[in-house]
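Undergrad: Sequence and predicted structure are below.
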There are 2 protein chains.
Amino acid sequence: MNLKELARRLDLSPTTVSRALNGYPEVNEATRERVVAAARRYNYQPNTRAIRLATGRAMAIGHVIPIATRHEIVNPVFADFIAGAGEVYSRSGYDMVLSVVPDEAEEQTYRDLKSRGTVDGVIVHAPRLDDPRLPLLREVGLPFVVHGRSSGSAEPYSWVDVNNRRAFRRATEFLLDLGHRRIALVNGLEFMDFAIRRRAGYTEALAERGIASDPAIMFSDEMTESSGYRAAKAALALPDPPTALLVASIISAMGVRRAIEEAGLKLGRDVSVIIHDDELSYLKNGEEVPIFTATRSSVRLAGRLAAEMLIDMMGHPGGPPRERLLEAELIIGQSTGPLQSNATSHGALPDAPALAAGAAKP
Amino acid sequence: MNLKELARRLDLSPTTVSRALNGYPEVNEATRERVVAAARRYNYQPNTRAIRLATGRAMAIGHVIPIATRHEIVNPVFADFIAGAGEVYSRSGYDMVLSVVPDEAEEQTYRDLKSRGTVDGVIVHAPRLDDPRLPLLREVGLPFVVHGRSSGSAEPYSWVDVNNRRAFRRATEFLLDLGHRRIALVNGLEFMDFAIRRRAGYTEALAERGIASDPAIMFSDEMTESSGYRAAKAALALPDPPTALLVASIISAMGVRRAIEEAGLKLGRDVSVIIHDDELSYLKNGEEVPIFTATRSSVRLAGRLAAEMLIDMMGHPGGPPRERLLEAELIIGQSTGPLQSNATSHGALPDAPALAAGAAKP
DNA sequence: TTGAAAGCGATACCAC
DNA sequence: GTGGTATCGCTTTCAA
């Protein structure tokens, strides 16, 4: 069933039917009702391809995933963001177009996306320092919103970001409050903007308590199991090993755990770990207690906001860039365990509500 | 630059230009060369929207992700599949359209995808037993390929699947060869077809050695950290705890590890674990040694094959359904450790090459 | 308030 | 070999 056929059955012109269905004010209410009723009766669905050609809009948003950055698509964070954005697209009648392309073809992909009119705009993932994609997209004339920020960018741009710096600062403070003085950082690759910010939060928290950050226990690598393992292994082998580790991803945390086991240490007794990027929980008296910092739901929200922002921007071309910083929902019900051994104890475990409310200091 | 404009500059008709660019044989070679040269000179890119309307094809493949099945998009397996399929789409000029929809809207989504002409076909993910999507898609008339199988389907259908049954059988055999006699299974939800097949492989391997499978150490749940924890906790609390666990996902494996630690056991000394769905590795003398069964690269291959299959099917409507079973690349260089304690030892660890080659029995 | 008709930018049939 | 033109199904002036 197409527009022309529907119009014929209603004995109306396609023009009027189109207007009625698209909510134009000039149609007679009675007519509109007739049209709407008929449309649902015949299960009329407008042909997307025709709409696209006629309006010149793709009604689609692109997400380009370079394939060498393979960990990225696996990264739960990426999936959550996609899920959030996808919700918005469904609601708004947009399609989400995922392009999985070899690293070196990324630039050409953006150009094609534009010149072939496949998408109306794109979301930029995993920005690096002074990311070359931003000037490229500007040159090409494709509206975009960045998930994350790109320090060093000359021009302003629109972004949605989770406050990674603050999240890591708070996680570090939490460990400090537990009495830890030697805290390792197992970070992602530090040419990624988010990793830089995370490190900044970590070092700030240490500095504030007068603790110098020690490069010997600060690691930066792909967020894989084996890199987590290597980092933790190296850290624990030091003459003055850390009593706690702050880990950037659940995948690297797998490796960290393995290293801890191999070292003959017990998690929660000899050493504490906080994992960013995931929600885990303990069962305690039959109830689930959240234990880690959780950014995942924030990331999903970021996906929603970025999608909404982009759609709105496309409706107002030439508008100013927009920015939105989200606080990660830092939920800590119980750490993986305080270590009182060779660290100066600061007293009891801070209580969860206080932390959740943002008061990192007990 | 569009076709008409390009034709004008060449002083040719749009028809000829179109033919030249699309490789039609009737075009004079000299003309074709002129056209091709001009096209690249002016950086002409045909407008996708127009092609779609004119040809009636969407040049797009849909992937529908129900949102309640949230773990699915997070699942590394899903991401690998997407990456594999995405490669093929890029090469073939297809777009990948991801629809993230609330569970209850899934059926309507498929109908819309068809009637609005957004996609030419779809890939069905995570099939269940006698999955209702298959008859629906047939009714709607949308070509599809299933990633996995749906036992109980009345009609034949096209699918690509990793041999989960054999992978689990071999992993189980591997543990048996190490001397384990009491092996727990931490499986996914067993209304998912793949989980059913995995269990089958596990029980078969046991039966073959005359070991009755014990429901007390067979667990089936969402593949989350806490369900893995619960399963392992329960298993290890039994009067006759397992000496090895076969775990279906890396996420549940996180929980399994936690339970093992809490029980005061040491992985690799007191208990062995094989994790499906991921590649991990140990560092041994500075070299990485793979330790787990790895299906991930197979899954990526499955994505490629499914995409190719679907594209080919769409080119030959009315053709027969196709099937493709992939053996998982079962790589076991080193288990997480044999347990000789209360299990009857069968001798040495089988060597990696033999296992990789498919000889599960030493 | 409604309708006729001209696009949108390709493809593809039919003449020449 | 090449070109004219209808067509895909909708939107959007412009007139009535």
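TA: Here it is on my side, so go on. Numbering: from 1, shown residues only, chains lettered A, B, ... in the order given.
Undergrad: Next one: whatever residue of the stretch 201-350 of chain A ends up closest to DNA strand C from residue A:120, what distance?
TA: Closest contact between the stretch 201-350 of chain A and DNA strand C, by C-beta to the nearest atom of the strand, is at residue A:317 (17.0 Å). For glycine as for every other residue, the C-beta is placed from the backbone atoms N, C-alpha and C. Noted for residue A:317: a distance of 10 Å to residue A:120, by C-beta to C-beta, to the nearest Å.
Undergrad: same check, this time on residue A:152
TA: 27 Å.
Undergrad: And for the residue of the stretch 201-350 of chain A closest to DNA strand C, nearest residue in space, chain neighbours not counted?
TA: Leaving aside its sequence neighbours, residue A:317 sits nearest to residue A:143 (C-beta to C-beta, 6 or more residues apart in numbering or on different chains; 7.5 Å).
Undergrad: For that neighbour, list the residues it contacts.
TA: Residues in contact with residue A:143 (C-beta atoms under 8 Å, 6 or more residues apart in numbering or on different chains) are A:120, A:121, A:122, A:310, A:313, A:314, A:317.
Undergrad: domain parsing for chain A?
TA: A:3-55, A:60-162+A:299-326, A:164-298+A:329-346 (automatic domain parsing).
Undergrad: Report the contact partners of the residue most central in space within chain A.
TA: Nearest to the geometric centre of chain A sits residue A:299, at 4.0 Å (C-alpha atoms, centre = their mean). Applying C-beta under 8 Å, 6+ apart, we find residue A:299 in contact with A:77, A:80, A:81, A:84, A:162.
Undergrad: Which secondary structure element is home to residue A:61?
TA: According to DSSP states H and E, residue A:61 maps onto strand A:60-66.
Undergrad: residues contacting whatever residue of chain A ends up closest to DNA strand D?
TA: Per C-beta to the nearest atom of the strand, residue A:3 is where chain A lies closest to DNA strand D, at 2.8 Å. Applying C-beta under 8 Å, 6+ apart, one finds that residue A:3 lies in contact with A:14, A:17, A:18, A:44, A:46.
Undergrad: redo that, cut-off 10 Å
TA: By C-beta atoms under 10 Å, 6 or more residues apart in numbering or on different chains, the residues touching residue A:3 are A:14, A:15, A:17, A:18, A:21, A:39, A:44, A:46, A:47, A:50.
Undergrad: Show me where chain A has its helices.
TA: A:3-10, A:14-21, A:29-41, A:48-55, A:70-74, A:76-92, A:106-115, A:133-140, A:164-177, A:193-208, A:225-236, A:250-262, A:296-315, A:352-356 (DSSP state H).
Undergrad: Those: which one's closest to residue A:244?
TA: Among the helices of chain A, the nearest to residue A:244 by C-beta to C-beta is helix A:164-177 (4.7 Å).
Undergrad: Direction included, what does the strand holding residue A:61 pair up with?
TA: Strand pairing for strand A:60-66, using DSSP bridges, gives strand A:95-101 (parallel), strand A:121-124 (parallel).
Undergrad: Tell me the confidence at residue A:269?
TA: Per-residue confidence (pLDDT) for residue A:269: 74.
Undergrad: Any figure for the gap between it and residue B:38?
TA: Distance from residue A:269 to residue B:38, by C-beta to C-beta: 74 Å.
Undergrad: Please apply the same query to residue A:110.
TA: Relative to residue B:38, and taking C-beta to C-beta, residue A:110 is found at 24 Å.
Undergrad: re the thing from before, any chance of TSV for the helices of chain A, columns mean pLDDT and distance to DNA strand C?
TA: Compiled in TSV, the helices of chain A are given as follows (pLDDT from 0 to 100; distance: least, C-beta to the nearest atom of the strand, whole Å):
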stretch	mean pLDDT	distance to DNA strand C
helix A:3-10	93	7
helix A:14-21	95	3
helix A:29-41	94	4
helix A:48-55	95	4
helix A:70-74	60	32
helix A:76-92	88	22
helix A:106-115	93	9
helix A:133-140	95	17
helix A:164-177	88	42
helix A:193-208	96	37
helix A:225-236	92	47
helix A:250-262	83	44
helix A:296-315	91	18
helix A:352-356	30	53
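Undergrad: Can you tell me which of those is nearest to residue B:239?
TA: Closest to residue B:239 of those, according to C-beta to C-beta: helix A:250-262, at 25.3 Å.
Undergrad: Mind checking which of residue A:110 and residue B:38 has more residues around it?
TA: More crowded of residue A:110 and residue B:38, by other C-beta atoms under 10 Å in any protein chain shown: residue A:110, with 24 against 19.
Undergrad: ok, now which ones touch residue A:57?
TA: Residue A:57 touches A:51, A:94, A:117, A:119, A:120, A:314, B:49, counting by C-beta under 10 Å, 6+ apart.
Undergrad: Also residue A:159?
TA: Contacts of residue A:159 (C-beta under 10 Å, 6+ apart): A:124, A:127, A:134, A:144-150, A:153, A:193, A:302, A:306, A:309, A:321-325.
Undergrad: Ok, residue A:238 next?
TA: Counted by C-beta under 10 Å, 6+ apart, residue A:238 has contacts A:182, A:184, A:214, A:216, A:217.
Undergrad: Between which two of those residues is the distance greatest?
TA: A:182 and A:216 (10.1 Å).
Undergrad: any idea which of the contacts of residue A:143 is closest to residue A:224?
TA: Distances from residue A:224 to the contacts of residue A:143, taken by C-beta to C-beta, are shortest for residue A:122, at 27.2 Å.
Undergrad: Show me what the closest residue to the closest one other than its chain neighbours bridges to in the sheet.
TA: The spatially closest residue to residue A:122, leaving aside those adjacent along the chain, is residue A:62, at 4.2 Å (C-beta to C-beta, 6+ apart). Residue A:62 has the following beta-bridge partners by DSSP bridges: residue A:97, residue A:122.
Undergrad: burial of residue A:62, as a residue count?
TA: 24.
Undergrad: Tell me which residues touch it, please.
TA: Taking C-beta under 10 Å, 6+ apart as the test, what residue A:62 contacts is A:95-99, A:109-110, A:113-114, A:118-124, A:142, A:144, B:95.
Undergrad: Narrow those to those that are buried.
TA: A:95-99, A:109-110, A:113-114, A:118-124, A:142, A:144, B:95 (16 or more other C-beta atoms under 10 Å in any protein chain shown).
Undergrad: measure residue A:272 to residue A:195 for me?
TA: Per C-beta to C-beta, residue A:272 is found 21 Å from residue A:195.
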